[in-house]
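Peer 1: Requesting a structural model of the entry that follows:
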Amino acid sequence: MDESINRLLSNFLVGLDEILLKFKDFLDTHNLDSLREASNLLNILAMIHFQRFTKVKHSVLPSSVYEASIMMNKKINEIENRGIKEEDIEYFREIYELFSFIAEKIRSGEYEKGLQDMRSNANERG
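Peer 2: Below you'll find the model as predicted:
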């Protein structure tokens, strides 16, 4: 894929790594402020990158990040009203693990290769 998608993914990864640190802090301390920061940063990351990813015909990544931030905010509001439960921690751990997996795929180059393969297959079909 061209250099611009590589740069775009690299820039996205910088933001995602910062968010993962906030998630990790929450998982270690159960501090809702860290979780709220992670959610806000996810929203910002999606807003910053949506148009850029759309230009390269791959808006699913920032769209997924945005949707996660919305769902997280709903869950955070629930927790503030009723208190935190073990299932809440597990919910956020799963989100953390998903975004950690995506970050590793970007870092290793597998994500970019997957995009390349999808584009090649789409071009072959017409």
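
Peer 1: host element of residue 43?
Peer 2: Here residue 43 is covered by helix 32-55, with elements defined by DSSP states H and E.

Peer 1: Any idea how far that helix is from the middle of the chain?
Peer 2: With CA atoms, centre = their mean, to the nearest Å as the basis, helix 32-55 stands 8 Å off its chain's centre.

Peer 1: My guess is residue 25 contacts residue 32. True?
Peer 2: No: look at residue 25 against residue 32 with CB atoms under 8 Å: they stay out of range, at 10.8 Å. Using the backbone N, CA and C atoms, a C-beta is placed for each residue, glycine as well.

Peer 1: and the residue nearest to residue 47 when sequence neighbours are not counted, what does it touch?
Peer 2: Nearest non-adjacent residue to residue 47, counting by CB to CB, 6 or more residues apart in numbering: residue 66, 7.5 Å away. Contact partners of residue 66, counting by CB atoms under 8 Å, 6 or more residues apart in numbering, are 42-43, 46-47, 50.

Peer 1: The lengthiest helix in the chain: which residues count as buried?
Peer 2: The single longest helix within the chain, with elements called by DSSP state H, is helix 3-29. For helix 3-29, the buried set under the neighbour-count rule, 16 or more other CB atoms under 10 Å, comprises 5, 8-9, 12-13, 15-16, 19-20, 22-23, 25-27.

Peer 1: Same check on stretch 61-72?
Peer 2: Buried residues in stretch 61-72, defined by neighbour count with 16+ other CB under 10 Å: 61-62, 65-66, 68-69, 72.
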